[in-house]
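Asker: prediction below, plus the sequence it came from.
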Amino acid sequence: MPLGGAKGVIIADPSQKCEALFEAYGECVESLGGRYFTAEDVNTTTQDMDWTMHKTKQVVGKATVSGDPSPFTAIGTFDGIRAAAKMLNGTDDLHGVKIGLQGLGHVGFDLAKQLIAADADLTVSTHSNRKNMEAMLALGAKELTDEQLYKAELDILSPCALGATLNEKTIPELRCRAVAGAANNQLLNDECGVMLKKRGIFYAPDFIINGGGVINAGQEAFTVYDKENVLKQVHNIFNTVYNILDESKTTGEPEGVIAQRFAENRIKNGL
Ligand code: NAD
């Protein structure tokens, strides 16, 4: 996307969300003079974006245009998981591949359904969302706690909850062969990328594998929204993730460093 990167964060209790809060947020976004677009993410919905739009036009992922970005994030993450499987097993077929998915929210639940449909051997953990967990168990997924999931013998761990779950405590415990999930800022810091590499665990960089939602919403900002075109770009996440894992395998560089360079080169070359 011809976009930089930024995140809007509202420090508040999500159970107290209201129109006035998102109108105030809209004023804040508007004060940036067109340099920032906002969209849905953790704990926000298309309704919240509608309230934000009372005060600013700088909103994408609008219910009337591209909608909730989460299904596109889930599609791109699924493709990134297939790329990781291909790196591990020589095939992107997920049949019987042991995948542990953390978080059954907007992205995680959609992704879990795709993994079940692809016949993956799926284990899930969640902090809330019992309804989604029951649905997953009925479809054949297994349940573990977060702690158990880190230590489980998996092919791929897919963090789809909150950030910094891969840190000095959890990385030494991991028994997976690759990490490929949608959560933002999965690594506590850059050193964690080096730790994963030293442990021989592949890592699909978060801002590459979870780009589906922003590819979808970003189209709304710059061109006439075209879902087919969006899906074509989102599916290309498979190639991007695979190429980064492959380069890391050859050079021994952490995947996050390669991804950062890839992004910087694209910006330098005018995308
Ligand atoms: P969400 O709020 O709908 O879901 C997050 C879920 O994770 C919730 O169900 C919560 O109960 C669960 N959770 C929190 N901590 C947990 C833990 N330690 N273990 C297990 N479950 C836990 O959010 P979302 O939109 O699904 O986003 C999930 C992640 O993906 C976030 O990190 C988000 O920033 C990232 N992401 C989302 C999008 C998108 O399109 N929604 C795009 C890019 C990145």
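Answerer: Thanks, I have it. Note that the structure is predicted; figures quoted are calculated from it, not measured.

Asker: write out the residues of this protein neighbouring the ligand.
Answerer: Contacts of the chain with the ligand, taken as Cβ under 6 Å from any ligand atom, map to 41-43, 69-70, 73, 102-108, 125-129, 146, 160-163, 182-184, 210, 213. The way it works is simple: take the backbone N, C-alpha and C, and place the C-beta from them, glycine included.

Asker: and those residues, which of them are buried?
Answerer: Taking 16 or more other Cβ atoms under 10 Å as the criterion, what is buried in the residues of the chain next to the ligand is 41-42, 69-70, 73, 102-108, 125-126, 129, 146, 160-161, 182-183, 210, 213.

Asker: show me these that map onto helices.
Answerer: 70, 73, 106-108, 146, 213 (DSSP state H).

Asker: reformat those residues as a markdown table; add pLDDT.
Answerer: What follows is these, written out as a markdown table (pLDDT from 0 to 100):
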| residue | pLDDT |
| --- | --- |
| Ser70 | 95 |
| Thr73 | 97 |
| His106 | 93 |
| Val107 | 97 |
| Gly108 | 98 |
| Asp146 | 94 |
| Gly213 | 94 |
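
Asker: pick out the most distant pair among the residues you listed.
Answerer: Greatest spacing in those, by Cβ to Cβ: Asp146 and Gly213 (23.6 Å).

Asker: separation between Pro254 and Ile201?
Answerer: According to Cβ to Cβ, to the nearest Å, Pro254 and Ile201 sit 11 Å apart.

Asker: quick one: which of the two has more around it?
Answerer: Pro254 (22 against 18; other Cβ atoms under 10 Å).

Asker: for the closest residue to the more buried one other than its chain neighbours, what are its contacts?
Answerer: Once flanking residues are discounted, Pro254 sits nearest to Gly193: 3.7 Å by Cβ to Cβ, 6 or more residues apart in numbering. Counting by Cβ atoms under 8 Å, 6 or more residues apart in numbering, Gly193 makes contact with 187, 203, 254-257.

Asker: list the buried residues of the strand or helix carrying Gly193.
Answerer: Element membership of Gly193, judged by DSSP states H and E, is helix 190-198. Residues of helix 190-198 classed as buried: 192-197 (neighbour count, 16+ other Cβ under 10 Å).

Asker: any buried residues in stretch 8-26, and which?
Answerer: Result for stretch 8-26 [16+ other Cβ under 10 Å]: buried residues 17, 22-23, 25-26.

Asker: touching, Gly103 and Thr165? I think so.
Answerer: No - applying Cβ atoms under 8 Å as the test, Gly103 and Thr165 come out as separate, 9.2 Å apart.

Asker: on that earlier part again, want to throw the buried residues of helix 190-198 into a markdown table with pLDDT?
Answerer: Converted to a markdown table, these look like this (pLDDT from 0 to 100):
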| residue | pLDDT |
| --- | --- |
| Cys192 | 98 |
| Gly193 | 98 |
| Val194 | 98 |
| Met195 | 98 |
| Leu196 | 98 |
| Lys197 | 98 |
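
Asker: out of these, which is nearest to the ligand?
Answerer: Distance ranking of those against the ligand, using Cβ to the nearest ligand atom, places Cys192 first at 15.7 Å.

Asker: thought Leu166 was touching the closest one, still the case?
Answerer: Yes - Cys192 is in contact with Leu166 according to Cβ under 8 Å; the separation is 5.3 Å.

Asker: which residue is nearest the centroid of this structure?
Answerer: By Cα atoms, centre = their mean, the mean C-alpha position of the chain lies nearest to Ala182, the distance being 2.1 Å.

Asker: pLDDT score for that one?
Answerer: As predicted, Ala182 sits at a pLDDT of 98.

Asker: which non-adjacent residue is nearest Leu122?
Answerer: Per Cβ to Cβ, 6+ apart, closest to Leu122 is Ala141, 4.3 Å.

Asker: residue contacts, the residue of the chain found nearest the ligand?
Answerer: Proximity of the chain to the ligand (Cβ to the nearest ligand atom) peaks at Gly105, 1.7 Å away. Taking Cβ under 8 Å, 6+ apart, we find Gly105 in contact with 42, 129, 132, 160-161.

Asker: again, 7 Å this time
Answerer: Asn129 (Cβ atoms under 7 Å, 6 or more residues apart in numbering).

Asker: between Gly103 and Thr165, which contacts overlap?
Answerer: Contacts common to Gly103 and Thr165, judged by Cβ under 7 Å, 6+ apart, are Ala183.
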